[in-house]
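**Q** starting from these lines, generate the structure:
(4 chains, ligands or ions: 2)
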Amino acid sequence: MTDPIAAAFIDNPAFIPYLAAGDPGPFDEPPSADDAVAQTSAYIDALVAGGADIVELGLPHSEPIADGPTIQQASVRALEAGMTPDRFFELVDDLPADLPIVAMTYYNMVYRYGGSPGVDEFIEAAAAAGVDGIIVPDLPVEESDPLCAAARDAGVHIIFIAAPTTTDERLAAVMQRCSGYLYVQARLGTTGSQTDVSDQTRSSLGRVRSFETNFERDPLPKAVGFGVSSGEQAADIVAAGADGVIVGSALIDEITGAGTDRARAERQLEALATELAAGTERGAARRQSGPERT
Amino acid sequence: MTDPIAAAFIDNPAFIPYLAAGDPGPFDEPPSADDAVAQTSAYIDALVAGGADIVELGLPHSEPIADGPTIQQASVRALEAGMTPDRFFELVDDLPADLPIVAMTYYNMVYRYGGSPGVDEFIEAAAAAGVDGIIVPDLPVEESDPLCAAARDAGVHIIFIAAPTTTDERLAAVMQRCSGYLYVQARLGTTGSQTDVSDQTRSSLGRVRSFETNFERDPLPKAVGFGVSSGEQAADIVAAGADGVIVGSALIDEITGAGTDRARAERQLEALATELAAGTERGAARRQSGPERT
Amino acid sequence: MSSDGMFGEFGGQFVPEALMPAIEELTDAYDRYVQENEAGFMDDLQSHLRSFGGRPTPIQRADQLSERYGCEVYLKREDLVHGGAHKLNNALGQVLLAQYMDKERIIAETGAGQHGTATTMSCAHLGMPCEIYMGRHDVNRQRPNVFRMRLNGATVNPVDIGRGTLKEAISETMRDWARTVETTHYVIGSVVGPHPYPAMVRDFQSVIGREAKRQLREEIGELPDAVVACAGGGSNAMGSFAPFVEESSVDLHAVEAGGSDLSIDGDTGIAPNSATLSIGTRGVLHGSHTKILQDEDGQIMESHSVSAGLDYAGVGPELAALVESGRLTAATVDDDTALEAFHRLSQTEGIIPALETAHAFGYLEAHGEALGDTVLVTVSGRGDKDLETVIEESHRRELDVGFDLSVFDAEVQ
Amino acid sequence: MSSDGMFGEFGGQFVPEALMPAIEELTDAYDRYVQENEAGFMDDLQSHLRSFGGRPTPIQRADQLSERYGCEVYLKREDLVHGGAHKLNNALGQVLLAQYMDKERIIAETGAGQHGTATTMSCAHLGMPCEIYMGRHDVNRQRPNVFRMRLNGATVNPVDIGRGTLKEAISETMRDWARTVETTHYVIGSVVGPHPYPAMVRDFQSVIGREAKRQLREEIGELPDAVVACAGGGSNAMGSFAPFVEESSVDLHAVEAGGSDLSIDGDTGIAPNSATLSIGTRGVLHGSHTKILQDEDGQIMESHSVSAGLDYAGVGPELAALVESGRLTAATVDDDTALEAFHRLSQTEGIIPALETAHAFGYLEAHGEALGDTVLVTVSGRGDKDLETVIEESHRRELDVGFDLSVFDAEVQ
Ligand SMILES: Cc1ncc(COP(=O)(O)O)c(C=O)c1O
Ligand SMILES: Cc1ncc(COP(=O)(O)O)c(C=O)c1O
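**A** Ligands and ions are numbered 1, 2, ... in the order given. Take a look at the predicted model:
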């Protein structure tokens, strides 16, 4: 059995949407936790229908310091609706087995899971539920050895982020530990949709590639996120050499924008996913025909 | 011509009421200065009808630090009604020539009168208007030489206050300068009616008398004030050896108590003056018959 | 000062006879304890000033102002004294002296509330009962200081007479004293009142100038060309100037509150300023012969300043004498200029001054370049007590101070 | 601390990768400038702390408290530092360091507003642009401090998330930093956050304990038996303790806010206290592994204290380690006891403490007689910022503190 994440990148660049698990969308009174989780499943269905290759699912934390206002609000809604780590793992367990799932959460959620401090219980539960990879945005390489070790044993990827500020030295450390794919942060700041995808994307990708060349490391798929919101941007990013495009806030904006009309939210989500997936494809086509890869 | 103040003490102890000149009594809108002055004249008439031997007239100052709330309020009313030093002297000038008048005011009023700093102009104007004596409660003996000299030249008495706290040494200095009568302060504090006339009165008078004996000074009439409010107190004070009784706040309380009914104020003023004058007489009778003078 | 408490023709003791014995007792105590250091009084005071009061206060070179005016501007940081103003130097001295004199109770008046809080803090520190008189108007415009006095366990008596500011509070305190003089010491808050107060308060406050002189010598090795201080009653000014009066190379500048206007209206009895040294005339107020704001009859005017602590119709007799003799320059700074200076110091030096103090910096803005190479300015106090006033007044006057408070516009979620 | 920023198992650097290069740069600057005094940085800082900050602050024997508890109570008077709290020691250090690092802009979070004002004052003093994040709830309960920050020319950004207190403000500041990290230094206000902050802030604050140790040696010739300080994030506590940690005869007591109750309610996510050291559990918050108030899932609780500056769900990792090792005693004092202590110090010593500080004195009231012969208590700040809160809360709780405000009842005439 090939690794589901690796598989998602094989033929085509991957379109990777993000959702905050358990966020039902805006509400007057919070729904039951079961309803909120069911709604997340419905949203995931919409994303898959739109062409999602991998889904990143946020396990909400009370202090989402790496997230911008959109995801922060989604986390608040999810927590108010009763989201917990156990419900998160149930949700993942109930998803189609062939859909690659990456869990994104903060380190304290990992560390505290299961009652006694440490990373093992979280990794076990994640692996058991079918989580394929984990991103912990507040866990830099320096602090990541225990988590990486447990994850390796359990066959779960730990995905790291390379930022525009990451030095070559740090990039080496990141690349040494990262598995699944490398999350290339397109610009400085927190998550949140933006209209410009800066030149930093291109140069970041270049840096990673030359690193791979110099250190003769097996190339890792490179997915670009932070601020991607349109099919056109997705196309540009892939054309610039990315192996995948990660979109979060722009999708949650669709859910938020639909107010309490969930059916509409699902439709809009599918529509934007379709556009983004198509953009990803377009970008791949441009890349094969053009000189952009140099 | 004998000195009008000395004359007032000759046969009987003197009853000496105090009024704030130009205080018309309580008002909604301040009356004209002329009306306020005329009202003071009417009050003086009532006091004289009641048996006043000398009248102390306050020339109101904005900072009456030695006065209690009653006289302070009267001063405020007088100033609001337009009282000025010149109106004060006009008022005195218009009073019956044979009524002894003592002006009571603060030093700055004396010092600033007439445009250039100094005491001469005030003394001249006072003498011309028929003021017989002047009390300046914030002028201790140390600062009084210029005023005493000018007053001596103009034939005006400068009356000093002896307080319960006055030391023997200070008493000597006071007695050396004081003329007309000695104002014996019955108790500590500012002016204002009180029900108890303390033993301090008796001991103060005793101290002054023994001073006169020891230093062979011509005896000066001793008038007691601060807190006297009833005929009975007046009688006690005179029986204790005083040559006069000074009453201010209790009389002004009558004016204030009558509200805006001036006729009633005049009637009440005359009634209280009559009671106080009678008390003074009664005290004199007790003194002649009893052992209290020792 | 001559031994009779006169500064030239100014000074004296114009108080009711009942108080004179207490004044004599105080003069005696002043001579012995303060001037002669009897029983080690001054050493004791210095130790309290150090551990409780936070002395010595530093001098600080004001980097941005120095550049702005092209001269070396040094600040004497009395805002760092416990309680937030120079007022403690004197209050602590007097309360301790009252203890040496076996007094049982303290009374004081206050305008801005700085002298009041300095006194109540000193009383709490030394365990003395304390009552403070404060005009009703000042009670309302200096609420934080009223809170602080109450927190120190003192009684605060609002004075409802007249305009309800410092002048009325002083008169009322004198009345209390007249009743209670045998057991009570009256802590006067500035270099005003009858002798020995002007001299005694100056001596207690001279620590400002003495320290600054020594610190400047250590730091730059020379005397300043000018010393600038704001003056209400004048205690921080006299305290700053006193050790420099004999140094003829040092110019002394007392900055008074120009209020809204330097004219005065005898008819209404209101002076829209507190510029006693500059436009006042000779007279007797609150126990001493000095310069005062008065009408032609000798009635005291209601003074005005945006800063409560300068809002007083009198001034210390020694300052009047120094101005008269030409040794001291008196100047005025109006409300608007003071407010602007308040904002300037807050923004450029990170020191939020008292509104009183801001007047000295308003003067610096107008004359900074002409005062010499080295200028010492006394920061008499900090501005925490003035925050509400400054915000209100800055908005009302539409001052261009780059300051708005839209941060408060949204409500709590 | 080991070189990797760990205190035993506590500490570390849990921040997004994007910030890590800045953290490395800061660590390098900390090592060179602070620890090695490169370019004379520490001398420069000391000179600013002296002339601008008012250091050294005195120690004061608290006469009335010493009698009350039958031991020698010494106060370290950080309330006299410019701005009114120990916070300047650190803020000035970091802003100056940012200047040495050629940063162009300062951001900071603040709870009580004391760290915020310390930072804006330092920025005004050193001429650095500055933005402050502050929870909306804190903006409203600490208005005077918001005024002061605005007066210093800083932008104040209210944070409308969650309960709107310090925790939310910190998260928001981290977000700003994630955007602007290349040009901006984030001045963290306590011994919390990722390495090097806990060590660096401790070093900047250690001036408290260093001075006190020297001053006690001069004054009584010996070490204290106990050092007591309140702890929110723990900077005044670590600053007070650090120079005594190696002195095994000296007991160390950190006093946390007990709030209204020491229980916590996982369902509502609310802890009615801020007693992190006492009842918190291990976790990672705001960049470091320490003790925190959290529910069983690892979600951070909303803490509570009547004092805004202690109202934080985390605590410095070094304090967590010292408690873990038994070197430090952690204790709690509840809201009522702190309020009573606030009034007690105001009335008996003439020092109006910050509500944070009052917790240390609440502890002294409960344990004063058992702490030894000589006790050093750090007065971390003054209470001017807390006046309104104290008055409101004292009345609401009907505390018997002999305090009423009927002085305000009558209206202006
Ligand atoms: C900070 C400050 N400066 C100055 C003054 C004015 O007083 P003085 O002229 O006596 O220094 C006051 C009075 O309250 C004050 O609080
Ligand atoms: C006066 C005072 N003390 C204590 C604290 C608590 O902070 P820390 O525990 O870092 O000293 C604060 C925080 O604002 C404060 O203002």
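**Q** for the stretch 101-250 of chain A, which spans come out with low pLDDT?
**A** Applying pLDDT under 70 to the predicted model, the residue ranges of the stretch 101-250 of chain A that meet it are A:192-198.
**Q** nearest to chain B: which residue in it?
**A** A:Thr190 (66.3 Å; Cβ to the nearest Cβ). All C-beta atoms are positioned from the backbone trio N, CA, C, and that covers glycine.
**Q** quick one: that residue and A:Thr70 touch, right?
**A** No: in this structure, A:Thr190 sits apart from A:Thr70 without contact. The criterion is Cβ atoms under 8 Å, and the distance is 9.5 Å.
**Q** give me the distance between the residue of the stretch 101-250 of chain A closest to chain B and D:Arg175.
**A** 5 Å (Cβ to Cβ, to the nearest Å).
**Q** which neighbours do these two share?
**A** Both A:Thr190 and D:Arg175 are in contact with A:Ile65, A:Gly68, where contact means Cβ atoms under 8 Å, 6 or more residues apart in numbering or on different chains.
**Q** name the helix or strand for the closest residue to C:Ala91 other than its chain neighbours, please.
**A** The shortest distance from C:Ala91 to any residue that is not its chain neighbour, by Cβ to Cβ, 6 or more residues apart in numbering or on different chains, is 3.8 Å, and that residue is C:Ala118. For C:Ala118, the enclosing helix or strand under DSSP states H and E is helix C:114-126.
**Q** show the pLDDT at C:Pro144.
**A** Listed pLDDT for C:Pro144 reads 87.
**Q** swap in C:Glu392?
**A** 89.
**Q** which helix or strand contains it?
**A** Here C:Glu392 is covered by helix C:387-396, with elements defined by DSSP H and E.
**Q** swap in C:Ser249?
**A** Element membership of C:Ser249, judged by DSSP H and E, is empty: it is in no helix or strand.
**Q** that one contacts C:Leu223, doesn't it?
**A** Yes: because the distance of 6.1 Å satisfies Cβ under 8 Å, C:Ser249 is recorded as touching C:Leu223.
**Q** show me which of those two is the more surrounded one.
**A** Remark: of C:Ser249 and C:Leu223, C:Leu223 carries more neighbours, 16 against 11, as counted by other Cβ atoms under 10 Å in any protein chain shown.
**Q** list phi and psi for the more buried one.
**A** For C:Leu223, the backbone dihedrals are phi -80, psi 150 (criterion: degrees, to the nearest 10).
**Q** from C:Lys213, how far out is it?
**A** In this view, C:Leu223 and C:Lys213 are 7 Å apart by Cβ to Cβ.
**Q** overlap of the contact sets of those two?
**A** Taking Cβ under 8 Å, 6+ apart as the criterion, C:Leu223 and C:Lys213 both touch C:Phe244.
**Q** tell me where the chain has strands.
**A** No chain was given, so I picked chain A. Taking DSSP state E as the criterion, chain A carries its strands at A:14-20, A:55-58, A:101-104, A:133-135, A:157-159, A:161-162, A:182-185, A:222-225, A:244-247.
**Q** could you do chain C instead?
**A** Shown for chain C, the strands assigned by DSSP E span residues C:6-7, C:10-11, C:59-61, C:72-77, C:105-110, C:130-135, C:155-159, C:184-187, C:226-230, C:251-259, C:281-285, C:288-292, C:328-334, C:374-379.
**Q** ok, the fifth one near ligand 1 or not?
**A** By that I understand strand C:105-110. No: counting by Cβ under 6 Å from any ligand atom, no contacts exist between strand C:105-110 and ligand 1, the nearest distance being 7.3 Å.
**Q** any idea how far C:Gly266 is from B:Gly118?
**A** Look at C:Gly266 and B:Gly118: by Cβ to Cβ, they are 20 Å apart.
**Q** one more: C:Gly193?
**A** From C:Gly193 across to B:Gly118, the span is 23 Å (Cβ to Cβ).
**Q** just A:Ala239 next, same as before
**A** According to Cβ to Cβ, A:Ala239 and B:Gly118 sit 100 Å apart.
**Q** all set, thanks.
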